[in-house]
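A.B. asks: kindly return the folded structure for what I paste below:
(chains A and B)
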Amino acid sequence: GENVEQHPSTLSVQEGDSAVIKCTYSDSASNYFPWYKQELGKRPQLIIDIRSNVGEKKDQRIAVTLNKTAKHFSLHITETQPEDSAVYFCAASLGGMTYKYIFGTGTRLKVLA
Amino acid sequence: ETGVTQSPTHLIKTRGQQVTLRCSSQSGHNTVSWYQQALGQGPQFIFQYYREEENGRGNFPPRFSGLQFPNYSSELNVNALELDDSALYLCASSPKTGDGYTFGSGTRLTVV
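C.D. replies: As a prediction, the model looks like this:
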């Protein structure tokens, strides 16, 4: 079946450094890729998304890149802060049916002060 | 602007029982999706409702069923509960089918 692989599962960085989380999807028809941040005991929150007709999108310290050929997309967080510590999930829409998202298994990011 | 609200926040049920979880979608959102999130895992798609009709379903057995009401609120029903049904159940709404979701805080279901 279709799946999304996410790496690494845990990531520790020093405050101020950059963090990169990578995802690979299997469905070549996927056309929408959201990223969610989930703090302990809280709801997932959409932080950035990208559609398949765009290669890169940036929002302040957060950027997402998409390589459709390789079926890879990545989240980049620059100048990390302690409040960036959370679990991050990537997701990919299933084929042309953008209503169904396949989520990755999550990356626990720890920003060390 | 109101967010997505779910009730109850926590629930303990016995194996074999039935449960109903409720969700009120964000104002202006007509699409509601339900996800199951086991501990340490990513959310798994259960199904989606759009304008009161089921609009796609994940790999969950028929004992997982749902409803959407004219005001776009929704229910998730699970019959014959099993221990493995213990999880966080997340409701998410979006203004149209496919755009990024707004998730509710979830209902944590424990089956004993």
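
A.B. asks: and the helices in the chain?
C.D. replies: Let's take chain A. Ranges of helices in chain A, per DSSP state H: none exist.

A.B. asks: um, chain B though
C.D. replies: Going by DSSP H, chain B shows no helices.

A.B. asks: contact residues of it facing chain A?
C.D. replies: B:4, B:31, B:33, B:35, B:40-45, B:48, B:50, B:55-56, B:58-59, B:90, B:97-106 (CB under 8 Å from any CB of the partner chain). From N, CA and C alone the C-beta is placed, and that goes for glycine too.

A.B. asks: so what's the residue most central in space within chain B up against?
C.D. replies: Taking CA atoms, centre = their mean, the centroid of chain B lies closest to B:Trp34, which sits 3.3 Å from it. The neighbours of B:Trp34, taking CB atoms under 8 Å, 6 or more residues apart in numbering or on different chains as the test, are B:Cys23, B:Phe45, B:Ile46, B:Phe47, B:Gln48, B:Gly66, B:Ser74, B:Leu76, B:Tyr89, B:Leu90, B:Cys91, B:Ala92.

A.B. asks: swap in 6 Å and give it another go.
C.D. replies: B:Ile46, B:Phe47, B:Leu76, B:Cys91 (CB atoms under 6 Å, 6 or more residues apart in numbering or on different chains).

A.B. asks: buried ones among the residues of chain B next to chain A?
C.D. replies: Among the residues of chain B next to chain A, the ones that count as buried by 16 or more other CB atoms under 10 Å in any protein chain shown are B:4, B:31, B:33, B:35, B:42-45, B:48, B:50, B:55-56, B:58, B:90, B:97-106.

A.B. asks: where does chain A have low pLDDT?
C.D. replies: Confidence mapping of chain A against pLDDT under 70 gives the ranges A:96-98.
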